[in-house]
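Participant: here is a sequence with its predicted model. Questions after.
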Amino acid sequence: MKTVIVGGVAGGATAAARLRRLDENAQIVVFEKSGYVSYANCGLPYFIGGVITDREDLTLQTPQSFYSRFRIDVKTSHEVLDIDKNKKTVTVKDLKSGKTFEESYDTLILSPGAKPLKPDLPGIDSPKIFTLRNVEDTFAIYDFVQKHKPEKAVVIGGGYIGLETAENLYEKGLEVSVLQRPKQLMNTLDYDMATFVHAKLREKGIKLMLGCNVTGFEEKDSHIIVTTADSGNISADMVILAIGVVPDTALADKAGLEKGVKGCIKVNSHMQSSVKDIYAVGDAVEVTHFVSKEKASIALAGPANKQGRIAADNICGIHSEFKGSMGSSIIKVFDLTVAGTGLTEKAALKAGLECESIILAPSSHASYYPGAKTMTLKVVFEKKTGRLLGAQAIGKEGVDKRIDVLATAIMAGLGAEDLKDLDLCYAPPFSSAKDPVNMAGFVMDNILSGRIKQFHFEDVDKLPRDGSVTLLDTRTTGEYSRGHVEGFMNIPVDELRERLGELDKSKKIYVMCQSGLRSYISTCILNNSGFDAFNFAGGYRFYSAVKNEMVCAESSLPCGMDK
């Protein structure tokens, strides 16, 4: 059996190694267009910033190490130009010699990945504009910074690559602006959660220009001018273009493979394409979202590696299926960890799901043990069934652990109420006896059972201020005096029982505190005393963070640029 693999990074390299482990006699040939194989895509921005200092650390394998360990023939700087599905051959060009040749196969695995979006804008081909997708791109950016000592950089795009590159350029001493056409960074988050990322970047001095439409580029003197439709011109020394990727499906088109959502290669659960003996894996393939069951394009290393293994299994006669992707992802934004899994609230609503969300502000570990850090946790679930739909978390510690637990719970089919019963490890330096995931389960159980009703950020400004309802802040008088929502009266929770007579039972009561805990306790007191009370999800801490971002974004500064 001879298998040819097109693309030698995540999915392709994994497929090659798995094939060898399953079949010692298989002939395996890998063609990789770039000069590197099995490189660490996700680590590329950190070389630019100097976190990773050795160029060799970016490559997990070399053609030589692949051959020494697995006897796999890996050819870098070789571009596959065409596929003849009838003859079962590929046409290959050696990019160093310029020669072309044909290579036969019994089975073919396509792992071409995705390529950066590069819109057809005036000046887009300037040597001062960079994309970041492979090792060569990384070295080009690094060498430019080392040689030209730029002072200002514009990053266009607020996704993972854009933000990681912005942070690393900032750490190299550059003044950085981030331009983003949508009005929030990171579309993997809901807007309310993204505001914490916005605030962190502004705190560091990175300028945000949100809702900003770039129209072109001009080189002037030694600078590059970014022109926009609505925010004036921005002068910089270099530009990083990180507005997203598209599946690289040129070969699939030539072979007549069936395409799916966003032009991705359509595959079945065995990673087989519409053409016999041609498999496809990685960023170029269509997947089924595990939660929504909708077809999707999810360009992440984790799914790509799994798909490579699954394709190899099936080629070797082992029944193996890809069960879908939840898009579990994580990013470091300076000292923040930002992670998510499954559907955001906006994605759930777009998919037609009737959902509810909760927002907590738990500590990373027991609050009495030194060093505890507050995180913000948002969990989305179906209103009627309690089915977990997704989660997002932001904080300085413990975020990855909680999102991984929630991703596992979703994959296992656990419901919201099951989270309260999870037996999670506890010691004061690591967690609390009631872990944040357990706490999320308790809150959702209260909501699903009807014991607690809640209201959200978008409801606050809509609440009447005419006295027809009662707006109650149950923080201490000191906290209240330092800032509160207009129209909310103050009765500290510890005084509430003695002051119930000040409240009107005929009116609904909307209760807020700092994080949601004291207002929950207050809501229980009120409901058990005959009132109709609602608890605010997230607390004043959350409300003020989102509100401050909205005020900043709506200020006179262009597109929410920091003051």
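Facilitator: Looks like it arrived, so ask away.

Participant: which residues in the stretch 401-550 of the chain form helices?
Facilitator: Here the stretch 401-550 of the chain has its helices, by DSSP state H, counting those that start in this stretch, at 436-449, 457-460, 477-481, 517-528, 539-553.

Participant: turn those helices into CSV, columns for mean neighbour count and mean pLDDT.
Facilitator: Bear in mind the C-beta positions are built from the backbone N, C-alpha and C, glycine included. CSV is the format used below for the helices of the stretch 401-550 of the chain (neighbours: other C-beta atoms under 10 Å; pLDDT from 0 to 100):
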stretch, mean neighbour count, mean pLDDT
helix 436-449, 21, 97
helix 457-460, 15, 96
helix 477-481, 13, 97
helix 517-528, 20, 97
helix 539-553, 19, 90
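
Participant: thought residue 284 was touching residue 109?
Facilitator: No. Using C-beta atoms under 8 Å as the test, residue 284 is too far from residue 109 to be in contact (11.3 Å).

Participant: which residues touch residue 116?
Facilitator: Neighbouring residues of residue 116 by C-beta atoms under 8 Å, 6 or more residues apart in numbering: 131-133, 241-245.

Participant: Serialize the helices of the stretch 401-550 of the chain to CSV and add fields for distance to residue 342.
Facilitator: What follows is the helices of the stretch 401-550 of the chain, written out as CSV (distance: least, C-beta to C-beta, whole Å):
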stretch, distance to residue 342
helix 436-449, 13
helix 457-460, 21
helix 477-481, 34
helix 517-528, 25
helix 539-553, 20
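
Participant: looking at those helices, which is closest to residue 228?
Facilitator: helix 539-553 (15.9 Å; C-beta to C-beta).

Participant: do you know which of the helices of the stretch 401-550 of the chain lies nearest residue 46?
Facilitator: Here helix 539-553 is closest among the helices of the stretch 401-550 of the chain (C-beta to C-beta), at 27.3 Å.

Participant: just the angle for the closest one relative to helix 517-528, thanks.
Facilitator: 120 degrees (axes from the mean of the first three to the mean of the last three C-alpha atoms, to 10 degrees).

Participant: what's helix 539-553 packed up against?
Facilitator: Helix 539-553 sits against helix 191-204, helix 457-460, strand 508-512, with contacts defined as 3 or more C-beta pairs under 8 Å, 6 or more residues apart in numbering; DSSP states H and E.

Participant: nearest to residue 7, of these?
Facilitator: Per C-beta to C-beta, nearest to residue 7 of the helices and strands packed on helix 539-553: helix 191-204, 31.7 Å.

Participant: may I have the strands that pair with the following helix or strand past the closest one, each with its orientation?
Facilitator: Scanning forward in sequence from helix 191-204 by DSSP states H and E, the next helix or strand is strand 207-210. Within its sheet, strand 207-210 is paired with strand 175-180 (parallel), according to DSSP bridges.

Participant: what angle do the strand it pairs with and helix 191-204 make?
Facilitator: 160 degrees.

Participant: and for strand 175-180, what are the contacting residues?
Facilitator: 151-158, 162-163, 166, 169-170, 185, 201, 205-212, 214, 226, 228, 231, 234, 236, 559, 561.

Participant: okay, stretch 535-547 in PDB with CA atoms only?
Facilitator: This file holds the C-alpha atoms of stretch 535-547, laid out as PDB (Å, rounded to 0.1, in the frame of the first residue of the first chain):
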ATOM      1  CA  ASN A 535     -31.200  38.200  40.600                       C
ATOM      2  CA  PHE A 536     -28.800  40.100  38.300                       C
ATOM      3  CA  ALA A 537     -26.400  37.700  36.400                       C
ATOM      4  CA  GLY A 538     -22.800  38.700  36.900                       C
ATOM      5  CA  GLY A 539     -23.100  41.500  39.400                       C
ATOM      6  CA  TYR A 540     -22.100  45.100  39.300                       C
ATOM      7  CA  ARG A 541     -18.500  44.100  38.500                       C
ATOM      8  CA  PHE A 542     -19.700  42.600  35.300                       C
ATOM      9  CA  TYR A 543     -22.200  45.400  34.500                       C
ATOM     10  CA  SER A 544     -19.600  48.100  34.900                       C
ATOM     11  CA  ALA A 545     -17.000  46.300  32.800                       C
ATOM     12  CA  VAL A 546     -19.400  46.000  29.900                       C
ATOM     13  CA  LYS A 547     -20.900  49.400  30.300                       C
END
